[in-house]
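>>> Build me a model from this:
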Amino acid sequence: MSDTYTEVLARDWTVTVGATTPLPIPNLETIGFDSTAKEADITSFSNAGNDDHTITSRGRTLKLAGFYYEDTTGKAVEPGLAALIALGEQTGASAKDQFVVTDPAGVTRTFNASVTMDTIGGGKDDPTKFTATLKVAGGVTFGTAGGA
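Residues are numbered from 1 along each chain as shown. This is a model prediction of the structure:
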C-alpha cells in the first residue's frame, strides 16, 4: 500500500440531521454502514448450469450509537440528539429528514432517512447511551472533499 494512505479513525466522522437547519449528532461512539441487495434470478439454459442474477434494488442503513447528554441547567437534550429522537417518533412524510455524513477527508454522503431509536438507557453504574438505525430512503449523493 502506498505511504499516502492511512487508517481512518471512526471518531473523525461527523453526522448531521436536518435539511433546513443541519444539527450535529453529538457524542457518537460508533458509526456503521450496512447495505442490502435484492436480486432476481436470470439463469437460463445458456448459463450451462451456472446461476446468474441481476441486482434489482439496494437498501442502506446507518447505525449510530453514542452517549445521551442533557444540559445541566435546563435538562434539555443536545439539539442534534433531540432532533434524532423527535424524528424517530414521526410517521408518514414527516418521518424522514436529510442526513449528511462527512468522513475525515471531507467527503460527504447526503441522503434522506427515517429513524428508529433502538435503545436509550444503561445499567445502574453506566452513563446513559442511545442507539439508532437510520433507514435510507432513495439514493445516497456523494460529494467531494471540500464540498466541490
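
>>> all contacts plus neighbour counts: C-alpha atoms, from now on.
Fine.

>>> how about the strands in the protein?
Ranges of strands within the chain are 14-17, 23-24, 28-41, 53-67, 96-102, 108-121, 129-142, based on DSSP state E.

>>> between those strands, which one is nearest to Ala86?
Each of those has some distance to Ala86 by CA to CA; the shortest is strand 108-121, at 9.0 Å.

>>> name the helices or strands packed onto the closest one?
Under the contact criterion of 3 or more CA pairs under 8 Å, 6 or more residues apart in numbering; DSSP states H and E, strand 108-121 touches helix 79-87, strand 96-102, strand 129-142.

>>> where does this structure dip in pLDDT?
Scanning the chain with the threshold set as pLDDT under 70 gives 1-2, 146-148.

>>> middle-most residue in it, spatially?
In the chain, the residue lying closest to the centroid (CA atoms, centre = their mean) is Leu62, at 2.9 Å.

>>> Including distance to Gly88, could the strands of the chain go into TSV?
Shown next, in TSV, are those (distance: least, CA to CA, whole Å):
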stretch	distance to Gly88
strand 14-17	12
strand 23-24	15
strand 28-41	17
strand 53-67	13
strand 96-102	9
strand 108-121	5
strand 129-142	9
